[in-house]
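# quick one, structure for this:
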Amino acid sequence: MEVVTLQEVKGDKRVKSYLQQAGDNLAALGYTEHGFRHAELVAEVARKILQKLNYSSREQELAAISGYLHDMGNAINRVTHDTCSAILGERILFDLGMASEEIAEIVAAVGNHDENGGFPVSSISGALIIADKSDVHRSRVRNPDISSFDIHDRVNYAVQRSFVKVNEDAHTITLQLTVDTSISPVMDYFEIFLARMVMCRRAAEFLHCAFELSINDVRLL
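Here you go, the predicted model:
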């Protein structure tokens, strides 16, 4: 079996095609960005979470691969995108020669990343969930008309900075946001993201950490 890396996965033509289509599909639906930018960021943050918590280099790599693949099922359908992403990823990873045990870990993480039915089932899964749900930022907004923003556009556009801070000594994982409250009040964030924050808390607990949320230097969770 091959020791498959994130770089190999990113180089696969199917992954490129599925991510491109996923991004295009959600653009057509009026969603925030879910393409290559989001995949790259989630992969990087998922890796760094496990790195900071001293997980093995291989677990870090599997978390990064999971992060890169987790949303490509949007190429098929938004409603079942988590399951679709896992199924598409399984075939690609198998063809690349990845060991079945590692494929199983990745598809479990990818298939459980969505707040509508997902649950942290492993360290890789926990890192993926936090990395995914923390990607709130104005760069994800694709609607050029501010006057027509819905609440998701408005909340994302209001976020000027988003950073996941891991304190391995205190066993905390903190999502730090800088929000322009003249664009969107903090309450709007909780209105649309409360379920995601609950999922982040569960994911952090799986990693033996507490999850915290800080907005404009004020701890809210």
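
# for the helix or strand encompassing Leu50, name the packing helices and strands.
Counting by DSSP states H and E, the element that carries Leu50 is helix 36-52. Packing partners of helix 36-52 (3 or more C-beta pairs under 8 Å, 6 or more residues apart in numbering; DSSP states H and E): helix 13-29, helix 57-69, helix 123-133, strand 159-167. Placement of C-beta: from N, CA and C, glycine included.

# average pLDDT across the second one?
The reference is to helix 57-69. Averaging pLDDT along helix 57-69 gives 98.

# I'd like to know which elements the helix or strand just after that helix is packed against.
Next in sequence after helix 57-69, counting helices and strands by DSSP H and E, comes helix 81-95. Judged by 3+ C-beta pairs under 8 Å, 6+ apart, the packing partners of helix 81-95 are helix 13-29, helix 57-69, helix 100-111.

# please redo it, this time with the cut-off set to 7 Å
Counting contacts by 3 or more C-beta pairs under 7 Å, 6 or more residues apart in numbering; DSSP states H and E, helix 81-95 packs against helix 13-29, helix 100-111.

# Ala39 is nearest to which of those?
Closest to Ala39 of the helices and strands packed on helix 81-95 is helix 13-29 (C-beta to C-beta; 5.8 Å).

# hey, C-alpha coordinates of the closest one in CSV?
Taking Å, rounded to 0.1, in the frame of the first residue of the first chain, the C-alpha atoms of helix 13-29 are listed here in CSV:
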residue,chain,number,x,y,z
LYS,A,13,-7.8,15.1,-11.8
ARG,A,14,-11.0,13.8,-10.3
VAL,A,15,-10.5,15.8,-7.1
LYS,A,16,-9.9,18.9,-9.1
SER,A,17,-13.0,18.4,-11.2
TYR,A,18,-15.3,17.6,-8.3
LEU,A,19,-14.1,20.6,-6.3
GLN,A,20,-14.5,22.9,-9.3
GLN,A,21,-18.0,21.6,-9.8
ALA,A,22,-18.9,21.8,-6.1
GLY,A,23,-17.8,25.4,-6.1
ASP,A,24,-19.8,26.1,-9.2
ASN,A,25,-22.9,24.4,-7.9
LEU,A,26,-23.0,26.3,-4.7
ALA,A,27,-22.3,29.6,-6.5
ALA,A,28,-25.4,28.9,-8.6
LEU,A,29,-27.4,28.2,-5.4
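
# can you tell me what sits against it?
The contact list for helix 13-29, computed with C-beta atoms under 7 Å, 6 or more residues apart in numbering, reads 9, 33-36, 39, 69, 71-72, 74-75, 78, 88, 92, 142.

# what sits against Ala39?
19, 68, 71.

# need the contact list for Val136.
155-156, 159, 162, 177.

# distance-wise, check it relative to Ala22.
As for Val136, its distance to Ala22 is 19 Å (criterion: C-beta to C-beta, to the nearest Å).
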